[in-house]
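Participant: Any chance you could fold what I've pasted below:
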Amino acid sequence: MSTTPRLWTFRSSPFAGKARAAFAEKGVAVELVEIHPTKRPARLKELNPVNRVPVLELPDEEVAIRESLIICEWLEDTHPNPPLWPADPAQRGWARGWARLIDDTVIADFFLGMRKLAFGKDPEDPDDVVERLHGRVARHWPRMETALALHEGPWLCGEQFTFADLAALPAAVRLPEWAPQLQPDAEAAPLTTAWLEALRARPSAAAIDEAGAERLSA
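Facilitator: Take a look at the predicted model:
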């Protein structure tokens, strides 16, 4: 039996994309198991009761780890180099807070709006739900601009690239492709604009488009 970790994923999921990029940043081999978002195999629910990706299956441990940020923590614990959290406890806590905030704001609003465009609205959604979600994206950029100005360097923690920056990588890659009108204004948010460009330039950005062999059944 292979001891290579398996990452259950699908290509357009931002959180699965973040997990794929985390493996690329750490230089750790992983087997990608691609699912169809509307034809999820029974095995996925066995691994994750909420039936969502990403899920990291560890065959040698016979356990699975779910949620992208927790998968990132597992990677940091098991493969500490290069470090993707600051060594200083205060800075590490600050970076963890920003990683969560980016997940809950920029990523959630942008990708949930795109999902509703692609797969349809829920019955209880207002008619303009996509406009509401995407309208919030622009309101997040001033907050990012303020955060990036706190430390001298291209990243949220200054010179060190961290999982906080990695959280935004799916949006950095997809915004120009899918909704360029939602990108920050370069004059109003120069630091955020440069940050998103720097994210797109990282080699790990290629993992956002990476897909494994599709699995439709258990």
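Participant: Only C-alpha atoms from now on, for both contacts and neighbour counts.
Facilitator: Fine.
Participant: any idea how far residue 8 is from residue 75?
Facilitator: 16 Å (Cα to Cα, to the nearest Å).
Participant: Kindly report the same for residue 161.
Facilitator: Counting by Cα to Cα, the gap from residue 161 to residue 75 is 15 Å.
Participant: Check residue 6 too.
Facilitator: 13 Å.
Participant: Equivalent analysis for residue 29, please.
Facilitator: 11 Å.
Participant: what's the answer for residue 166, then?
Facilitator: In terms of Cα to Cα, residue 166 sits 13 Å off from residue 75.
Participant: Quick one: the strands in the chain, in order.
Facilitator: Listed in chain order, the strands of the chain (DSSP state E) span residues 6-9, 31-34, 55-58, 63-66, 213-214.
Participant: Which elements pack onto the third one?
Facilitator: For strand 55-58, the packing partners by 3 or more Cα pairs under 8 Å, 6 or more residues apart in numbering; DSSP states H and E come out as strand 6-9, strand 63-66, helix 68-78.
Participant: Comparing these, which comes out most buried?
Facilitator: Of all the helices and strands packed on strand 55-58, strand 6-9 has the most neighbours on average by mean count of other Cα atoms under 10 Å, namely a mean of 24.
Participant: who does that strand pair up with?
Facilitator: When pairing is defined by DSSP bridges, strand 6-9 lines up against strand 31-34 (parallel), strand 55-58 (antiparallel).
Participant: Tell me which of the helices and strands packed on strand 55-58 sits nearest to residue 132.
Facilitator: Residue 132 sits nearest to helix 68-78 of all those, at 25.6 Å, using Cα to Cα.
Participant: The closest one packs against which elements?
Facilitator: helix 14-26, strand 55-58.
Participant: Buried residues in stretch 98-107, which are they?
Facilitator: 98, 99, 102, 103, 106, 107 (16 or more other Cα atoms under 10 Å).
Participant: that older thread, with residue 204 as the reference, name the closest of the strands of the chain.
Facilitator: Here strand 31-34 is closest among those (Cα to Cα), at 15.2 Å.
Participant: what distance separates the closest one from the centre of its chain?
Facilitator: 16 Å (Cα atoms, centre = their mean, to the nearest Å).
Participant: Ok, stretch 59-66 next?
Facilitator: On Cα atoms, centre = their mean, the centre of stretch 59-66 falls 21 Å from the chain's centre.
Participant: average pLDDT across it?
Facilitator: When pLDDT is averaged over stretch 59-66, the result is 85.
Participant: just checking, residue 59 touches residue 31?
Facilitator: No. With contact defined as Cα atoms under 8 Å, residue 59 does not reach residue 31; the gap is 11.2 Å.
Participant: Sounds good, over and out.
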